[in-house]
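# Provided below for reference: sequence and predicted model.
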Amino acid sequence: MSELKIQAICGFGVGSSTLLKIKIQGVLKEMGVEAEVFTGDVSSASGVLCDVIFTSNELAENLKSRAKVPVIVINNFVNSAEIKEKVEEFLKTR
């Protein structure tokens, strides 16, 4: 199986997506899961090769209509428990 590629998305691909990326990386490390986690912006996200997209509720509908991979909503980018739960749910589908 190839390395998991996770994209963290915010409006411009800089601020909150970086925070989300760091939180996802922490959760994955805690779980012992190796993955490439990278940031992106909402306008180019659907064109980037990845296995899953994590984003805010505000951006999810726009992305879901264009993305070819699952789009997972994170309501609180600093809530590690929520992020871990959603990562675990995604991993069960792989």
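Noted; the coordinates are in hand.
# Go ahead and list the helix or strand containing the residue nearest the centre of the chain.
Residue closest to the average C-alpha location in the chain (Cα atoms, centre = their mean): Phe54, at 2.5 Å. Assessed by DSSP states H and E, Phe54 sits inside strand 52-55.
# rewinding a little: which ones are touching the residue nearest to the centre of the chain?
6-9, 20, 24, 72, 74, 83, 86 (Cβ atoms under 8 Å, 6 or more residues apart in numbering). Placement of C-beta: from N, CA and C, glycine included.
# Please convert these to JSON lines, extending it with neighbour count, secondary structure and pLDDT.
Below are the contacts of Phe54 laid out as JSON lines (neighbours: other Cβ atoms under 10 Å; DSSP: H, G, I helix; E, B strand; the rest coil; pLDDT from 0 to 100):
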{"residue": "Ile6", "neighbour count": "24", "secondary structure": "strand", "pLDDT": "98"}
{"residue": "Gln7", "neighbour count": "29", "secondary structure": "strand", "pLDDT": "97"}
{"residue": "Ala8", "neighbour count": "27", "secondary structure": "strand", "pLDDT": "97"}
{"residue": "Ile9", "neighbour count": "31", "secondary structure": "strand", "pLDDT": "96"}
{"residue": "Leu20", "neighbour count": "24", "secondary structure": "helix", "pLDDT": "97"}
{"residue": "Ile24", "neighbour count": "24", "secondary structure": "helix", "pLDDT": "98"}
{"residue": "Ile72", "neighbour count": "16", "secondary structure": "strand", "pLDDT": "97"}
{"residue": "Ile74", "neighbour count": "23", "secondary structure": "coil", "pLDDT": "97"}
{"residue": "Ile83", "neighbour count": "22", "secondary structure": "helix", "pLDDT": "97"}
{"residue": "Lys86", "neighbour count": "19", "secondary structure": "helix", "pLDDT": "98"}
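# all strands of the protein, in order?
4-10, 35-41, 52-55, 71-73 (DSSP state E).
# Would you mind saying which of those lies nearest Leu91?
strand 4-10 (8.3 Å; Cβ to Cβ).
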